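Asker: show me how the following folds:
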Amino acid sequence: MLFNSLIFTLFLPIVFIGYWLSPIRFRNYWLLLASYYFYFSYNPYFLLLLIGTSVFDFWCAKQIESKTHYKKSFLALSLISNLGVLVVFKYSAFLFNSGVAILNNVNNANYALMENLIIPAGLSFYTFQSISYVVDVYRGKYKPNDTLSDFLLFVSFFPHMVAGPIVRYNNLMPQLKSISYFKNINWGAFAQLVTWGYFKKLVIADNLNSVVSPVFDNVNNFHGFELLLAGFLFVIQVYCDFSGYSDIATGIAKLFNINFSLNWRRPLLSKTLTEFWQRNHISITTWFRDYLYIGLGGNRVNYSRWLLNIFLVFVISGLWHGANSTFLVWGAMHGLVFILESVLRKKFPNIVPPKLIGHIYLLLFHTISLIAFRANTISDLGFIYHRIFSLETFTFSLSNYTLLQDRFYYLLMVFFILVLVLKELNEEYALVNKRPALYNLLKPVFYILLVITIFIFGDFNANTFIYFQF
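Answerer: Numbers count the residues shown, from 1 in each chain. All right, here's what the predicted structure looks like:
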């Protein structure tokens, strides 16, 4: 079930009404049942996988607490089961086909390739959330005193289960256990977050897809500047798609008086890659920091090992996003540039580049690197980079774009992106917020216009969210 599907417009009111009409002691059971139906709608069999991994992690956490002499063994069992599920469903085809490619090259053979398996929706998100709980119990951060039903709801709460944000135990579980009241619903925050999220998803991200996908699916038909522009448009698309999902999820959670932590803080306004990763997809970034980077030793090791730890985290993060060599390239690029920034900042602490230069640098690098994220194959990626960096084929013409959409479409998209930029700048620098009278006047008008724009220009074809594949 998608947030932008017709069935969801029926599902959400039913869940909302059922929750607030239920006796307090039954509310979480209702939410759990609704969350499982939400996931069941994707694939009934994968619901069994979700329940099975969650129950097993709950049992492992209990064993870690009660059998301290064997707690490493139960932690290992939890990690092996979760990572094993990820490998089977997400990476088995990639690993098998990589091995086949090597054998074909060595033996001049033609072994058959393996078709990609269907990846359960949100697999990487809910397994990471479950892993974080078990690891925290192992580290002594929490006591596993929760009931099974509370833990199952913690993992599967439907607004965030499929594409995040990855919510930590100390943020979500106390809210699930507390008594909330209908009168405390923050209707204003709900309306603003959901409206802005749907605007970003339906109006910007889904409409941009009608240009971005044809370019990346037929890279031979476009020259360097057009490919570079497609990369930039994909930067906007993926940001609006994923942050739009987070906004909608955060807004919907407020209907049940659940507050998620901030997941996006205007990352495209960053001036360095280091700052970018402090603002971008914060829940997954901090997850890799707390459970992988620190697990590798963090910065408590010698200098060269510290740099290696940073690089490994980015490469593994790239592989987390997808079982494809292009994602490894994307992760490696970010790892190398992040290390370079760290080294330069350490060596020249007093040198601070101008803000404008920093913004241009970040957007340019992010665009170039995200092309690797979006490219369909490693050969396509090589071709795109060759076209972009080859002066002989570089032209500023956009003639091939006119074959994809008319000029009115491009004018609209420029306008919608400008709306996005202005709102982000206002949130960053409080351009209008400093004038309360003007802000209070413009705010309701702005969101009413957004709703009208969504219904006129939104793409209501129930396009899946990009991060569902991860």
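Asker: and the next element down the chain from the one helix or strand S317 maps to?
Answerer: Assigned by DSSP states H and E, S317 falls within helix 303-321. Per DSSP H and E, the first helix or strand lying C-terminal to helix 303-321 is helix 325-347.
Asker: what's that following helix packed up against?
Answerer: Under the contact definition 3 or more Cβ pairs under 8 Å, 6 or more residues apart in numbering; DSSP states H and E, helix 325-347 sits against helix 273-279, helix 303-321, helix 355-374, helix 378-389. All C-beta atoms are positioned from the backbone trio N, CA, C, and that covers glycine.
Asker: chain center to the longest one, what's the gap?
Answerer: Okay, so that is helix 355-374. Averaging C-alpha positions (Cα atoms, centre = their mean, to the nearest Å) puts helix 355-374 18 Å from its chain's average.
Asker: same check on stretch 77-91?
Answerer: With Cα atoms, centre = their mean, you get 20 Å for stretch 77-91.
Asker: and it, what's buried?
Answerer: Neighbour counts over stretch 77-91 (16 or more other Cβ atoms under 10 Å) mark L77, S78, L79, S81, N82, V85, L86, F89, K90, Y91 as buried.
Asker: the inter-axis angle of the top helix by length along the chain versus helix 355-374?
Answerer: Counting by DSSP state H, the longest helix found in the chain is helix 224-253. Going by axes from the mean of the first three to the mean of the last three Cα atoms, to 10 degrees, helix 224-253 is angled at 90 degrees with respect to helix 355-374.
Asker: low-scoring pLDDT stretches of the stretch 101-250 of the chain, where are they?
Answerer: The model of the stretch 101-250 of the chain has pLDDT under 70 over residues 101-118, 164.
Asker: for stretch 255-270, buried residues please.
Answerer: Neighbour count says stretch 255-270 has L255, F256, N257, I258, F260, N263, W264, R265, P267, L268, L269, S270 buried, by 16+ other Cβ under 10 Å.
Asker: hmm, I typed the wrong one, I wanted stretch 377-394.
Answerer: D380, L381, I384, Y385, R387, I388.
Asker: what sits against the residue lying closest to the second one once chain neighbours are set aside?
Answerer: In space, L381 comes closest to A375 once its chain neighbours are excluded; the distance is 3.9 Å by Cβ to Cβ, 6 or more residues apart in numbering. Applying Cβ atoms under 8 Å, 6 or more residues apart in numbering, we find A375 in contact with F216, V219, T326, L381, I384.
Asker: same question, I368
Answerer: L228, G231, M333, I388.
Asker: what's the answer for T274, then?
Answerer: T274 neighbours (Cβ under 8 Å, 6+ apart): F338, E341, S342, R345.
Asker: quick one: contacts for the second one?
Answerer: Applying Cβ under 8 Å, 6+ apart, we find E341 in contact with T272, L273, T274.
Asker: the second one and I248, how far apart?
Answerer: For L273, the distance to I248 under the criterion Cβ to Cβ, to the nearest Å works out to 28 Å.
Asker: and what of D206?
Answerer: Using Cβ to Cβ, D206 is found at 13 Å from I248.
Asker: over to H223?
Answerer: Remark: distance between H223 and I248 (Cβ to Cβ) = 37 Å.
Asker: those two: who's more crowded?
Answerer: Of the pair H223 and I248, I248 is the one with more neighbours under other Cβ atoms under 10 Å, namely 24 against 18.
Asker: sec struct for S180, please.
Answerer: Taking DSSP: H, G, I helix; E, B strand; the rest coil as the rule, one finds S180 in the coil state.
Asker: not counting sequence-adjacent ones, nearest residue to it?
Answerer: With Cβ to Cβ, 6+ apart as the criterion, S180 has its nearest non-adjacent residue at 3.7 Å, and that residue is N257.
Asker: could you do F225 as well?
Answerer: Using Cβ to Cβ, 6+ apart, the nearest residue to F225 is F396, at 5.3 Å.
Asker: I'd say I131 and D57 touch.
Answerer: Yes: under the criterion of Cβ atoms under 8 Å, I131 makes contact with D57 at 7.5 Å.
Asker: what's the overlap in contacts for those two?
Answerer: Common neighbours of I131 and D57 are listed as S78, N82 (criterion: Cβ under 8 Å, 6+ apart).
Asker: neighbour count winner among those two?
Answerer: Neighbour count, other Cβ under 10 Å: between I131 and D57, D57 has more, with 25 against 21.
Asker: in the helix or strand encompassing the more buried one, what's buried?
Answerer: Here D57 sits within helix 44-66, counting by DSSP H and E. Residues 46-47, 49-50, 53-54, 56-58, 60-65 are the ones in helix 44-66 that count as buried (16+ other Cβ under 10 Å).
Asker: got it, and stretch 22-33?
Answerer: Judged by neighbour count using 16+ other Cβ under 10 Å, the buried positions of stretch 22-33 are R27, N28, W30, L31, L32.
Asker: the helix or strand harbouring the third one to helix 44-66, inter-axis angle?
Answerer: Secondary structure here is read from DSSP H and E; on that basis W30 sits in helix 27-40. Computed by the same axes, to 10 degrees, the angle separating helix 27-40 from helix 44-66 equals 130 degrees.
Asker: what's the pLDDT at the residue nearest to F225?
Answerer: F396 is assigned a predicted lDDT (pLDDT) of 76.
Asker: give me phi/psi at it?
Answerer: phi -90, psi 10 (degrees, to the nearest 10).
Asker: again, but for the one 4 residues further on
Answerer: The phi and psi values for N400, taken as degrees, to the nearest 10, are phi -70, psi -20.
Asker: measure how buried it is and give me the count.
Answerer: Residues lying near N400 (other Cβ under 10 Å) number 15.
Asker: quick one on the thing from earlier: would you mind putting the contacts of T274 into JSON lines with pLDDT and distance to F16 alongside?
Answerer: Converted to JSON lines, these look like this (pLDDT from 0 to 100; distance: Cβ to Cβ, whole Å):
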{"residue": "F338", "pLDDT": "96", "distance to F16": "42"}
{"residue": "E341", "pLDDT": "93", "distance to F16": "45"}
{"residue": "S342", "pLDDT": "91", "distance to F16": "46"}
{"residue": "R345", "pLDDT": "89", "distance to F16": "48"}
